[in-house]
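Participant: Could you work out the structure for the sequence below:
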Amino acid sequence: MSRKAPVSEAPTDIDITEIMARIPHRIPFLLVDRCEKFVHSTSIVGIKCVSVNEPFFAGHFPDYPVMPGVLIVEAMAQTSAVLMSKSLEIDPAGKAIFFMSLDNCRFRAPVRPGMVLQMHVEVTQSRRDIYKFKGRAVVDDKVAAEAEWAAMVVDTK
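Facilitator: A predicted model of the protein is given here:
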């Protein structure tokens, strides 16, 4: 009997087990629970189920908990790292994906406990090991944040 998590039937879905195999982030800094609608080298949607138990809510803010904007951007960046890793078939043993730049970042609405954050990420340019992205973090069809950024693959050995 296998103790592995069940694999999704949809070839465009990526579960938490695969996410953790593809990017080095771990709890409490892993900000993507699953991904959907993966299109090779083109786009992906990351999902983060925001819980009141997130450690940052203790200080941001205790009486009116709001997910910090920089963590929403980080969730979009982690989603893009999953897209890069899967598209490029990166072996995470000797490679890492690093954020390079952030542009045109805007915060539109607060993200609170109990909300489901969807990170819609698209590739706008790719050249070898460098990708440029644009993304929107959405809750209930309302944009919470949007940005453009770049990331690159780096040898870690």
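
Participant: tell me the SS of Glu18?
Facilitator: helix (DSSP: H, G, I helix; E, B strand; the rest coil).

Participant: Regarding the closest residue to Leu88 other than its chain neighbours, which helix or strand does it belong to?
Facilitator: Nearest residue to Leu88, sequence neighbours excluded (CB to CB, 6 or more residues apart in numbering): Val153, at 6.7 Å. From N, CA and C alone the C-beta is placed, and that goes for glycine too. Assigned by DSSP states H and E, Val153 belongs to strand 142-155.

Participant: what sits up against that strand?
Facilitator: 69, 72-73, 76-77, 80-81, 84, 88, 90, 94-111, 117, 124, 129-138 (CB atoms under 8 Å, 6 or more residues apart in numbering).

Participant: re earlier: what residues are bridge-paired with the residue nearest to Leu88?
Facilitator: Beta-bridge pairing for Val153 (DSSP bridges): Ile97.

Participant: The longest helix anywhere in the chain - contacts with which helices or strands?
Facilitator: Ordering each helix of the chain by length in residues (DSSP state H) puts helix 69-88 first. When contacts are defined as 3 or more CB pairs under 8 Å, 6 or more residues apart in numbering; DSSP states H and E, helix 69-88 packs onto helix 16-22, strand 34-39, strand 43-49, strand 95-107, strand 116-127, strand 130-139, strand 142-155.

Participant: tell me the average confidence for stretch 121-128?
Facilitator: For stretch 121-128, mean pLDDT is 96.

Participant: In that stretch, which residues are buried?
Facilitator: 121-123 (16 or more other CB atoms under 10 Å).

Participant: can you list the residues you listed in CSV and add distance to Tyr64?
Facilitator: Shown next, in CSV, are the buried residues of stretch 121-128 (distance: CB to CB, whole Å):
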residue, distance to Tyr64
Val121, 28
Glu122, 32
Val123, 36
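
Participant: Give me the residue at the spatial middle of this protein.
Facilitator: Central residue of the chain (CA atoms, centre = their mean): Thr79, 2.5 Å from the mean position.

Participant: hmm, back to that, and the angle for the strand holding Val153 with strand 130-139?
Facilitator: Strand 142-155 and strand 130-139 are oriented at 150 degrees to each other (axes from the mean of the first three to the mean of the last three CA atoms, to 10 degrees).

Participant: Check the offset of strand 142-155 from the chain's centre.
Facilitator: Between the centre of strand 142-155 and the centre of its chain there are 9 Å (CA atoms, centre = their mean, to the nearest Å).

Participant: Many thanks, we can stop here.
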